[in-house]
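1. I would like the atomic coordinates for the input below:
(chains A, B and C)
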Amino acid sequence: MSFTSNNKKKIALIDCNSFYVSCERLFNPKIKNVPVVVLSNNDGCVISRSTEAKKLGIKMGEPYFKVKELVKKNNVQIFSSNYSLYGDLSRRVMKVLKGFSDKIEIYSIDEAFIDLSHIKDENIEDYGKRIRERVLKWTGIPTSVGISCTKTLSKVANHVAKKNKTGVIFLKDNIDDVLKNFDISDIWGVGRQLSKLYIKNGINNAHKLKNISNSWVKKSTNVLGAKTVMELRGIPCINLETEETKRKSCCVSRSFGRKVESLDKLKESITTHCLNAAEKIRNDNQTTRSITVFIRTSPFDKNRKYYSNSLTIDLPVATNNSLELVKVAIEGLKKIYKYGYFYQKAGVILSKLSEAGEKNLNLLTPILENKSQTLMKAIDVTNAKYGRNVISVAQAGINNSWKMRREHSSKIDTASFDSLPKISV
DNA sequence: TCTGGGGTCCTAGGACCC
DNA sequence: TCTGGGGTCCTAGGACCC
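-> Numbers count the residues shown, from 1 in each chain, chains lettered A, B, ... in the order given. Next up is the predicted model:
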């Protein structure tokens, strides 16, 4: 067996540039060449920035209130996040990518790995360019393409491609110079803690990490750390996951627009989140056997005492019935609620999920279940048609004062014709 | 005044058993 | 009086990702 570069894999990572910003720009040509920023839920943090906004020094993940002055001074365009729009555009992008290779792993809302091993080395950059051009033409979303023989290296390539004019980089041989200029904390799989550890040991770029001894990495980190090092050396350790798998847990949580003190308000939010989580797993034809409720005060408020607590309750019978789940969730909430705190966030997590068809071998499972399943289905269909939470339960409340802030929404809905751009000829 | 949300995987350590 | 040790399973918490 020989290990020439010819039989090496070629993995491409296609990543949308400033994805959320690009989505907003699609429907608003006026913001094309100006600084634009998209905020997280509750208008809390900056989660997407245009190139112009990056140049102004606005950092990823920065709290919005800290950059408000900068935003005002430079007339930065601000948008609240609109996830149904981004999700819709993401599906369109992925559909185009599937036309280039059926071996595809949709890694996140704005990026995908595809296997291009069948393309010859000498043609691969052109192929990458074709991918970019088609995605741009068919969806309007700009992308960058990084290609190499492992996922970690194609991440590196993509990172470099973002700064390159052509937007496509193929990393094959003699990549040490690239790795020497690649910051340790920009490596996929190296987060805050690992960066700290590596820098303390004099490892401050990808090239140094690549040449570290196996025994040291295994001793000092864990299997994931060791895999990253192997991948930097061009030895694939992280497989392309082409099978679409269902989620193993489902979390719905939100920060409050205004701090919440009362148990009643917390009940409303937990009920709402629980209904949404139950609907999500029903959509995937799943049931849950465990529910966690959690509440917490703000970890940033130094003037008030911090309180955070959660409770996990195992269910005797797997279910996806909203009413059952809400009942259990509220019981849990009552146990962890403490009077006298200003709560900032609440949520539920459904775990131990399994396929709804799989029987839980409980002889006592009542036949009545069919009846409630019919009810759930009716609720889901109605909500899908007329908008989320049109049918709810009384405990969820209406017009809640704790609802999140969303002051900069573009209100674009790709399912509604009213918001489609108009062309005048 | 104002600091997101939703996931996955790994590991240390406790509980339990013989 | 003498108070082991090894194995498995589970879970909470941490680290990472976007």
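2. who are the neighbours of the lengthiest helix in chain A, in terms of helices and strands?
-> Criterion DSSP state H: the longest helix present in chain A is helix A:263-283. The contact analysis (3 or more CB pairs under 8 Å, 6 or more residues apart in numbering; DSSP states H and E) places helix A:263-283 against strand A:250-260, strand A:286-297, helix A:322-336, strand A:343-351, helix A:369-386. (Glycine included, C-beta is placed from N, CA and C.)
3. Now do residue A:158 against DNA strand C, distance only.
-> Distance of residue A:158 to DNA strand C, given as CB to the nearest atom of the strand, to the nearest Å: 9 Å.
4. just the angle between the longest helix of chain A and strand A:286-297, please?
-> With axes from the mean of the first three to the mean of the last three CA atoms, to 10 degrees defining the directions, helix A:263-283 sits at 150 degrees from strand A:286-297.
5. Export helix A:263-283 to CSV, keeping only CA atoms.
-> The C-alpha trace of helix A:263-283 is given here as CSV (Å, rounded to 0.1, in the frame of the first residue of the first chain):
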residue,chain,number,x,y,z
LEU,A,263,-43.4,32.3,40.3
ASP,A,264,-46.4,33.0,38.1
LYS,A,265,-44.3,34.7,35.4
LEU,A,266,-41.8,31.9,35.6
LYS,A,267,-44.6,29.4,35.2
GLU,A,268,-45.7,31.2,32.0
SER,A,269,-42.3,31.1,30.5
ILE,A,270,-41.6,27.5,31.4
THR,A,271,-45.0,26.5,30.1
THR,A,272,-44.3,28.3,26.8
HIS,A,273,-40.8,26.8,26.4
CYS,A,274,-42.1,23.3,27.3
LEU,A,275,-44.9,23.6,24.7
ASN,A,276,-42.4,24.6,22.0
ALA,A,277,-39.9,21.8,23.0
ALA,A,278,-42.7,19.2,22.9
GLU,A,279,-43.8,20.4,19.5
LYS,A,280,-40.2,20.2,18.2
ILE,A,281,-39.8,16.6,19.2
ARG,A,282,-43.2,15.7,17.9
ASN,A,283,-42.2,17.1,14.5
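6. hmm, that helix touching DNA strand B?
-> Yes. Using CB under 7 Å from any atom of the strand, helix A:263-283 reaches DNA strand B at residue A:280.
7. and that helix with strand A:250-260, angle?
-> Going by the same axes, to 10 degrees, helix A:263-283 makes 160 degrees with strand A:250-260.
8. Check which residues of helix A:263-283 are buried.
-> Neighbour-count burial for helix A:263-283, with 16 or more other CB atoms under 10 Å as criterion, is recorded at A:265-282.
9. What residues does the closest residue to residue A:343 other than its chain neighbours make contact with?
-> Leaving aside its sequence neighbours, residue A:343 sits nearest to residue A:260 (CB to CB, 6 or more residues apart in numbering; 4.6 Å). Each residue near residue A:260 by CB atoms under 8 Å, 6 or more residues apart in numbering is listed here: A:266, A:269, A:342, A:343, A:344, A:346, A:402.
10. swap in residue A:125?
-> Contacts here follow CB under 8 Å, 6+ apart; on that basis residue A:125 touches A:147, A:166, A:168, A:170.
11. is it true that the first one lies in a helix?
-> What that stands for is residue A:147. No. The assignment for residue A:147, made by DSSP: H, G, I helix; E, B strand; the rest coil, is strand rather than a helix.
12. picking that back up, okay, the helices and strands packed on helix A:263-283, which one's buried deepest?
-> strand A:343-351 (a mean of 22; mean count of other CB atoms under 10 Å).
13. That one: what's the following helix or strand?
-> Using DSSP states H and E, the helix or strand that follows strand A:343-351 towards the C-terminus is strand A:354-355.
14. Distance from the chain centre to that next one, please.
-> Between the centre of strand A:354-355 and the centre of its chain there are 23 Å (CA atoms, centre = their mean, to the nearest Å).
15. for it, packing partners?
-> Under the contact criterion of 3+ CB pairs under 8 Å, 6+ apart, strand A:354-355 touches strand A:286-297.
16. picking up where we left off before, for the contacts of residue A:260, which one is nearest residue A:47?
-> residue A:344 (18.6 Å; CB to CB).
17. If I follow the layout properly, that closest one ends up in contact with residue A:257?
-> No. Checked against CB atoms under 8 Å, the pair residue A:344 and residue A:257 is beyond contact range at 10.4 Å.
18. Can you show me the helices along chain A?
-> A:19-26, A:51-55, A:64-73, A:83-98, A:124-139, A:151-161, A:176-180, A:192-200, A:206-210, A:214-220, A:223-232, A:263-283, A:322-336, A:369-386.
19. residues from the stretch 51-200 of chain A in reach of DNA strand C?
-> Residues of the stretch 51-200 of chain A lying near DNA strand C (CB under 7 Å from any atom of the strand): A:107-111, A:155, A:187-195.
20. for the stretch 201-350 of chain A, same thing?
-> Residues of the stretch 201-350 of chain A lying near DNA strand C (CB under 7 Å from any atom of the strand): A:310, A:312, A:314.
21. does the second one have beta-bridge partners, and which?
-> Applying DSSP bridges to residue A:312 yields these beta-bridge partners: residue A:292.
22. Can you get me a residue count around it?
-> 13 (other CB atoms under 10 Å).
23. one step back: what's the closest of the contacts of residue A:125 to DNA strand C?
-> Relative to DNA strand C, the closest of the contacts of residue A:125 is residue A:147; by CB to the nearest atom of the strand it sits at 16.3 Å.
24. Tell me the pLDDT of the closest one.
-> Residue A:147 is assigned a pLDDT of 98 by the prediction.
25. Between the contacts of residue A:125, identify the one with the most neighbours.
-> Most neighbours among these, by other CB under 10 Å: residue A:147, with 28 neighbours.
26. That concludes my questions; thank you for your assistance.
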